[in-house]
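Participant: dropping the sequence and predicted coords here.
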Amino acid sequence: MKISIVTPTYNEIENIEKLYVDIKNEMKKFDFEYEHIIIDNSSSDGTIEKIKNLATKDKNLKLIINSKNYGHIRSPFYGILQSSGDATILMASDFQDPVELISKYINEWKSGNKIVLGEKITSDESKFAFSLRKLFYNFLNSISEIELTKNTTGSGIFDKSIIEKLKLIKDPYPYFRGLIAEIGDEIKTIKFNQPLREFGKTKNNFSSLFDIAMLGVVKHSRKPLRFMVLLGFISSAISLVIGLFYLIYKILFWDSFTLGLAPVIIGIFIVSSIQITLLGLVGEYIGIILLHQRNLPLVIEKERINF
């Protein structure tokens with residue numbers, strides 16, 4: 001039996017050696033062959049050199065170096081597809097997915113569960129940020145056409161049969177959590193507390209988190225588009241009623257009733273803001289379609305080591 005562990009990295013010089021050692025020690029608890037695949041997004045802080053040095057002494061450690069930074073969506077998914085184990089574990093490189101989860105994942109997999117995800121029920125991050133994430137997951141589930149597992153980071157263990165199914169999906173910009181739900185197999189969760197990053201700086205910012213959020217929406221729901229159509233009908237009806245009201249009122253009180261510019265200007269601003277928001281939403285859907293039409297690879301590799 002063989003276990004694959006995939007950890008994506010980008011400028012993780014402070015974490016990478018400790019991560020490698022901790023995973024190696026965790027795997028000593030099992031009589032399994034294993035490979036530790038690190039897929040690096042072209043780090044510039046010495047992370048690659050550190051991994052190369054470790055890999056010369058341990059053939060279980062494998063490295064894929066991307067030709068550039070392909071981001072936090074494409075690179076991890078590509079790394080998973082390169083695994084060769086009977087089961088594959090995805091772990092973050094910043095220790096916010098505790099290494100101790102590996103043993104729990106493997107034990108659940110040995111019990112027959114083909115998909116096991118880590119579910120963070122509490123977090124050491126700010127309560128506001130954690131509550132905001134929970135609110136988003138609730139919203140996403142309410143509009144999604146599939147049942148998504150809430151409060152997961154993507155970390156988990158996936159049977160080889162699941163990996164083979166993922167390989168059949170030709171998606172250049174995948175929403176991994178959504179794909180796992182799309183497959184349809186039963187999902188087991190392991191609850192954990194997510195600690196704060198101890199070393200280094202987080203690569204998540206508003207832009208990257210918004211990217212993930214919008215990806216989850218446009219990949220797995222057509223309800224926003226249908227809402228736009230419904231909103232158009234409702235707005236048209238309201239506009240017609242208001243227009244008729246003003247027309248009748250003006251006819252009845254021709255000399256005393258003056259409309260003024262304020263309602264017109266306010267109405268223009270409201271309608272314009274709605275139009276801009278809805279156009280942006282349509283643009284997100286069109287952007288995803290364009291990505292699929294271009295049929296670009298998930299990543300382009302620069303180098304492989306120990307494969």
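Facilitator: Received the coordinates, thanks.

Participant: find the nearest non-adjacent residue to residue 188, please.
Facilitator: Distances taken as CB to CB, 6 or more residues apart in numbering put residue 113 closest to residue 188, at 4.2 Å, once the chain neighbours are dropped. Where you see a C-beta, it was placed from the backbone N, CA and C, and this is true even at glycine.

Participant: hmm, the one you found is touching residue 189, no?
Facilitator: No: assessed by CB atoms under 8 Å, residue 113 is found out of contact with residue 189, at 9.8 Å.

Participant: verify the assumption that the residue nearest to residue 188 is located in a strand.
Facilitator: No: under the criterion used here (DSSP: H, G, I helix; E, B strand; the rest coil), residue 113 is coil, not part of a strand.

Participant: now it: how far from residue 163?
Facilitator: As judged by CB to CB, to the nearest Å, residue 113 and residue 163 stand 15 Å apart.

Participant: could you do residue 119 as well?
Facilitator: 21 Å.

Participant: quick one: buried residues of stretch 47-54?
Facilitator: 47-48, 50-51, 54 (16 or more other CB atoms under 10 Å).

Participant: same question but for stretch 218-233, I mixed them up
Facilitator: 218-221.

Participant: taking the residues you listed one by one, which sit in helices?
Facilitator: Judged by DSSP state H, helices contain the following of these: 218-220.

Participant: can you redo the residues you listed as a markdown table with pLDDT?
Facilitator: Shown next, in a markdown table, are these (pLDDT from 0 to 100):
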| residue | pLDDT |
| --- | --- |
| 218 | 74 |
| 219 | 74 |
| 220 | 71 |
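
Participant: nearest to residue 73 among the residues you listed?
Facilitator: residue 219 (10.7 Å; CB to CB).

Participant: and the next helix or strand past the helix or strand where residue 247 lies?
Facilitator: Taking DSSP states H and E as the criterion, residue 247 maps to helix 223-252. The helix or strand immediately downstream of helix 223-252 is helix 262-294, counting by DSSP H and E.

Participant: residue 296 - nearest residue in space that isn't next to it in sequence?
Facilitator: residue 172 (5.1 Å).

Participant: pretty sure that neighbour sits against residue 293.
Facilitator: No: judged on CB under 8 Å, residue 172 makes no contact with residue 293 at a distance of 9.6 Å.

Participant: what's the burial count for the closest residue to residue 199 other than its chain neighbours?
Facilitator: Leaving out its chain neighbours, the residue that sits closest to residue 199 by CB to CB, 6+ apart is residue 14, at 3.6 Å. Per other CB atoms under 10 Å, the neighbour tally for residue 14 reads 16.

Participant: what separates residue 14 from residue 301, distance-wise?
Facilitator: 25 Å.

Participant: now render the ones in helices among the buried residues of stretch 218-233 as CSV, adding distance to residue 97.
Facilitator: Conversion of those to CSV gives the following (distance: CB to CB, whole Å):
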residue, distance to residue 97
218, 26
219, 23
220, 23
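
Participant: from the residues you listed, which is closest to residue 244?
Facilitator: Using CB to CB, those come closest to residue 244 at residue 218, 37.3 Å.

Participant: check contacts around the closest one.
Facilitator: 224, 284-285, 288 (CB atoms under 8 Å, 6 or more residues apart in numbering).

Participant: save those residues as a markdown table, and put in distance to residue 243 too.
Facilitator: Shown next, in a markdown table, are the contacts of residue 218 (distance: CB to CB, whole Å):
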| residue | distance to residue 243 |
| --- | --- |
| 224 | 28 |
| 284 | 32 |
| 285 | 31 |
| 288 | 37 |
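
Participant: right, and out of the residues you listed, which lies closest to residue 71?
Facilitator: Residue 71 lies nearest to residue 288 out of the contacts of residue 218, by CB to CB, at 14.8 Å.

Participant: and the residue nearest to residue 81 when sequence neighbours are not counted, how far is that from residue 78?
Facilitator: Using CB to CB, 6+ apart and skipping residues adjacent in sequence, the residue nearest residue 81 is residue 167, 5.7 Å away. Per CB to CB, residue 167 is found 11 Å from residue 78.

Participant: who has more neighbours out of those two?
Facilitator: Ranked by neighbour count (other CB under 10 Å), residue 167 and residue 78 place residue 78 first, with 21 against 10.

Participant: so the residue nearest the centre of the chain: helix, strand or coil?
Facilitator: Nearest to the geometric centre of the chain sits residue 212, at 4.6 Å (CA atoms, centre = their mean). Three-state call for residue 212 (three-state DSSP): helix.
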